[in-house]
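Participant: Have a look at this prediction, sequence included:
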Amino acid sequence: MLSKKTKEALLGPLSKNNPVLIQVLGICSALAVTAKLEPAFVMAISVTAVLAFANVIISLLRNTIPNSIRIIVQLVVVAALVIIVDQVLKAYVYDVSKQLSVFIGLIITNCIIMGRLEAFAMGNGPWESFLDGVGNVLGYGLVLIIIAFFRELLGSGTLFGYQVIPDCVYEIGYANNGLMILPPMALIVAGCIIWAHRSMNKDLQEK
Amino acid sequence: METLNLFIKSIFIDNMVFAYFLGMCSYLAVSKNVKTSMGLGIAVTFVLTITLPVNYLLENYILKAGALQWLGEEYAQVNLSFLSLILFIAVVASMVQLLEMIIEKYSPSLYNQLGIFLPLIAVNCAILGGSLFMQQREFASAGEATVFGLGSGIGWLLAIVGIAAIREKLSYSNIPAPLRGIGITFIVTGLMGIAFMSFLGIKL
């Protein structure tokens, strides 16, 4: 069912070609929503929906879009999808939607989406584009969830809002590290993930 | 006085890069030398300062619930706020197109340096983010929105010039190989963010 090329499109972005760690795309939203796991999870799902469908739509339209106005066409398709996602979130998970505030709207300007539309969907068929979209978003979501895991665990002692660090640990003097909740720590955690990832993959290191 | 406070607050306390991580992609990609980042910073400031008042007027006279009342009583019920994302991004994209033409005419060298990043300002989250924050905070007048745009732009400019200066010096230092390039830039940005947090307690 999956040829070599489609497999590469789906699995490559998980590690070797990760959109966040290697191509440095989509950082803005990746870092702003990672103080807790729940918003990070919702964000990853929203971006999945938008990117997968935007890739398919653009790939279907790719032969009819004039080259000079392609950016605007892409933006309109993405913006329309984001509005749908925004309305769905407001209807079903209002609390999380409030927490994510402007960052749902900012999915439009998430560079991963524009980057994949430009680099992949404009030159490939709908099915490959769909897989490429899903693969890239999985890579993005993976990084998002790793960062959120560490920040929520060390910063609030909870995962998905449930307490995981037992009370007896607090009684002997352990305290939550409030610094982890603050925005700058997202950058430092991301820096450490890049460090670990590149120590494992020597060929990705910059000279 | 209120306006001055807003200006200073949007530069330091609500800094686009350090407090909200907006405009990170171009921030990381273009910050290799001070001169180019200065040019990009000015371009972003310019686009923010123009788009915010335009989007403010759109928001208050067309999009908001009841904003169409000036057309007549029967339009008072209309709420077009779900269209705001598309309209905002259209305004941003057309302003960027305009800026591109101006820069190409008056400063071809800057135009060549900025290269692909000039059209990409359209998808710079700092700019759409500015409009969305403007919508969320419900400023009292278009003037306030302009000041907020100018302040956010200058804050972004400060951040990118700062990191570019640090990265120029970093190229001489002996960093562990896996951390070189993008890794250390993340960590330095994080440290700069912590430094900027010291402005948090300031009450203006």
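Facilitator: Sure, I can see it. Numbering: from 1, shown residues only, chains lettered A, B, ... in the order given.

Participant: so where's the chain shaky on pLDDT?
Facilitator: Assuming you mean chain A. For chain A, applying pLDDT under 70 flags the ranges A:1-3, A:206-207.

Participant: meant chain B, my bad for not saying
Facilitator: Across chain B (using pLDDT under 70), the flagged ranges come out as B:115-117, B:203-204.

Participant: Kindly recompute the last result at 90.
Facilitator: Along chain B, the model assigns pLDDT under 90 to residues B:1-48, B:50, B:55, B:57-145, B:170-186, B:189-190, B:192-204.

Participant: does any part of whichever helix in it runs longest sit near chain A?
Facilitator: For chain B, the helix reaching the highest residue count under DSSP state H is reported as helix B:142-170. No. Contact of helix B:142-170 with chain A (CB under 8 Å from any CB of the partner chain) is absent, the minimum separation being 11.2 Å. Quick note: C-beta positions are derived from backbone N, CA and C, even for glycine.

Participant: Quick check: longest helix in chain A by residues?
Facilitator: Under DSSP H, chain A gives helix A:126-156 as its longest helix.

Participant: What is the following helix or strand past it packed up against?
Facilitator: Per DSSP states H and E, helix A:126-156 leads on to strand A:158-159 as the next helix or strand towards the C-terminus. Helices and strands touching strand A:158-159, by 3 or more CB pairs under 8 Å, 6 or more residues apart in numbering or on different chains; DSSP states H and E, are helix A:126-156.

Participant: one more time with 10 Å, if that's ok
Facilitator: The criterion is 3 or more CB pairs under 10 Å, 6 or more residues apart in numbering or on different chains; DSSP states H and E, and the helices and strands that strand A:158-159 contacts are helix A:37-61, helix A:126-156.

Participant: rewinding a little: would you mark the buried spots in the longest helix of chain B?
Facilitator: Within helix B:142-170, the residues that qualify as buried by neighbour count (16 or more other CB atoms under 10 Å in any protein chain shown) are B:142, B:144-164, B:166-167.

Participant: how close does the residue nearest the centre of chain A sit to chain B?
Facilitator: Residue closest to the average C-alpha location in chain A (CA atoms, centre = their mean): A:Y140, at 3.6 Å. From A:Y140 across to chain B, the span is 13 Å (CB to the nearest CB, to the nearest Å).

Participant: can you tell me which residues contact that residue?
Facilitator: Contact analysis of A:Y140 by CB atoms under 10 Å, 6 or more residues apart in numbering or on different chains lists A:13, A:18-21, A:25-26, A:29-30, A:43-44, A:47-48, A:51, A:110, A:112-113.

Participant: host element of the residue nearest to the spatial centre of chain B?
Facilitator: Centroid check for chain B by CA atoms, centre = their mean gives B:A126 as the closest residue, at 3.4 Å. Assigned by DSSP H and E, B:A126 falls within helix B:125-137.

Participant: Give the buried residues for that helix.
Facilitator: Neighbour counts using 16+ other CB under 10 Å place B:125-135 of helix B:125-137 among the buried residues.

Participant: near chain A too, which of these?
Facilitator: B:125-133, B:135 (CB under 10 Å from any CB of the partner chain).

Participant: returning to that earlier point: restricting to the contacts of A:Y140, which residues neighbour chain B?
Facilitator: Near chain B, by the rule CB under 10 Å from any CB, you find A:21, A:25-26, A:29-30, A:110, A:112-113 out of the contacts of A:Y140.

Participant: Adding neighbour count and secondary structure, write those residues out as CSV.
Facilitator: Formatted as CSV, the ones next to chain B among the contacts of A:Y140 follow (neighbours: other CB atoms under 10 Å in any protein chain shown; DSSP: H, G, I helix; E, B strand; the rest coil):
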residue, neighbour count, secondary structure
A:L21, 24, coil
A:L25, 23, coil
A:G26, 30, coil
A:S29, 29, helix
A:A30, 27, helix
A:N110, 29, coil
A:I112, 26, helix
A:I113, 32, helix
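
Participant: Between the residues you listed, which sits nearest chain B?
Facilitator: Using CB to the nearest CB, A:L25 comes nearest to chain B of the ones next to chain B among the contacts of A:Y140, at 6.2 Å.

Participant: Distance check, A:P126 against chain B.
Facilitator: 23 Å.

Participant: That residue: neighbour count?
Facilitator: Counted by other CB atoms under 10 Å in any protein chain shown, the residues lying close to A:P126 total 15.

Participant: for B:E2, same thing?
Facilitator: For B:E2, using other CB under 10 Å, the count is 10.

Participant: What of B:Y61?
Facilitator: Counted with other CB under 10 Å, B:Y61 comes out at 13.

Participant: same check, this time on B:I202
Facilitator: B:I202: 10 neighbours (other CB under 10 Å).

Participant: same check, this time on A:L187
Facilitator: Counted with other CB under 10 Å, A:L187 comes out at 26.

Participant: nearest residue to it other than its sequence neighbours?
Facilitator: B:G190 (3.5 Å; CB to CB, 6 or more residues apart in numbering or on different chains).

Participant: The one you found: what's it in contact with?
Facilitator: Contacts of B:G190 by CB under 10 Å, 6+ apart are A:31, A:182-192, B:18.

Participant: make it 6 Å
Facilitator: Taking CB atoms under 6 Å, 6 or more residues apart in numbering or on different chains, we find B:G190 in contact with A:184, A:187-188.
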